[in-house]
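Trainee: need a structure here:
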Amino acid sequence: MIDRELKNEALRLAADFQVLILTGPRQSGKTTLCKMAFPTYRYVNLENPDTRELLVRDPISFLKENKEGMIVDEAQLYPDLFSYIQVLVDEDKSLHFVLSGSNNFTLMERITQSLAGRAALLMLLPLSVSEVGTSHATDELLYGGFYPGVWGDGKKPYDVYSNYYSTYIERDLRQLINIKDLDLFRQFVRLMASRVATEMNASHVSNEIGIDVKTVQNWLSILNTSYITFTLPPYYRNVGKRIVKAHKLYFYDVGLVCYLLGLENVAQVATHPLRGALFENMVVAEFYKRYFNRGRTPHLYFYRDSSQKEVDLIEEQTFDQLHIYEIKSAKRYNSQFAAGLDYFKKLYGEKVMNATVLYDGDESATFNGVLCQNWREK
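Mentor: Numbering: from 1, shown residues only. The predicted model follows:
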């Protein structure tokens, strides 16, 4: 069993909040984390019809039954649950609940309606590199992705992602957004995989697939909300432009991207023309995991101007204090890697606290004020 980094934050928040909500992608290990962090809590799964029937028959008695605390999995399957918990925690400060579920849309809607201000919210993403172990080769990590089913259960990556794609992306999401033409949606998802680590242009996608721009935006929003994809906003001095301008597209798990691209083994990853984009996706996702595993909100951006000068990742740790990164999949350092970083440093001056090239090589060194280091060390 893999010890999750988010556990410490879950325990800290549970000491201050009576209700803890755990969201995140399907199969990311939410149930395992709940049981690991709160072993004395009673665990119930509302996918079990008998359990759900007992709850519906007498909700108050059911929820007050265990003073040690209760983990309720698939909580969204009983919508009135959240209102009952709201009443109970207001009346009895000794009661504690951990709520989780696979349908994040419904779960978040119920939280907003009934438990706003009463619950702490955490997101569990797939495993981080440190949780998987740093001894694995980079191409092995790219192909295997970071879902616990691969590293914890020893399943083959293709089997894990094939099942994930068919049962959730095709079946559940299709029902959720009432997709009439599944072939078009399949094309859309696979096209998103081929555009990973690039700026998202809804008009281009619309023309390529033959659907309207609003549909492209709606489908991408669904993928974002369901923790399949996320977008990285551009960095501007004008904060409003970060929202208006095009964002870069990434997947929360690079193994799913490999599956959608049709890669069937590690050797194919090593020679694939998108390996650099896959590597960038993996590194950027690691930054997000680091923030979420600490219960913090990431302030991450990228930079590209009209002259195509760019910086892959900008980390704004405090207002106007920037840490900038160039991400390269190469194993040997090239001085050209720092060109975008040097350009950005000239533009923003003292706001840039440090500049780093994250690459796949083993040597660490500083060249003209730019640190070059292996991506796993960050």
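Trainee: would you double-check that residue 21 falls in a strand?
Mentor: Yes: judged by DSSP: H, G, I helix; E, B strand; the rest coil, residue 21 forms part of a strand.
Trainee: ok now the longest helix along the chain, how far from the chain's centre?
Mentor: For the chain, the longest helix by residue count, based on DSSP state H, is helix 275-292. Centroid displacement of helix 275-292 relative to its chain, using Cα atoms, centre = their mean, to the nearest Å, is 10 Å.
Trainee: what do you get for stretch 111-126?
Mentor: 16 Å.
Trainee: buried residues, that stretch. List them.
Mentor: Across stretch 111-126, burial judged by 16 or more other Cβ atoms under 10 Å covers 111, 114, 115, 118, 119, 120, 121, 122, 123, 124, 125, 126. The way it works is simple: take the backbone N, C-alpha and C, and place the C-beta from them, glycine included.
Trainee: might you list the low-confidence residue ranges for the protein?
Mentor: 103, 105-106, 110, 112-113, 170-180, 239, 243-244 (pLDDT under 70).
Trainee: quick one: contacts for the residue nearest the centre of it?
Mentor: Among the residues of the chain, the one closest to the centroid is residue 252, at 4.2 Å (Cα atoms, centre = their mean). By Cβ atoms under 8 Å, 6 or more residues apart in numbering, residue 252 lies in contact with 25, 125, 126, 227, 228, 229, 230, 285, 288.
Trainee: what of residue 287?
Mentor: Each residue near residue 287 by Cβ under 8 Å, 6+ apart is listed here: 298, 300, 313, 315.
Trainee: now which of the residues you listed would you call buried?
Mentor: The buried subset of these (16+ other Cβ under 10 Å) comprises 298, 300, 313, 315.
Trainee: what's the first helix or strand after whichever strand or helix holds the third one?
Mentor: When elements are defined using DSSP states H and E, residue 313 is found to belong to strand 310-318. Elements were assigned by DSSP H and E; along the chain past strand 310-318, the next helix or strand is strand 321-327.
Trainee: what are the buried residues along whichever helix or strand comes after that following strand?
Mentor: Sequence order places helix 339-348 as the next helix or strand after strand 321-327, per DSSP H and E. Buried residues in helix 339-348, counted by 16+ other Cβ under 10 Å: 340, 341, 343, 344, 345, 348.
Trainee: hmm, who's touching helix 339-348?
Mentor: 303, 309-312, 322, 324-326, 352, 355-357, 368-370.
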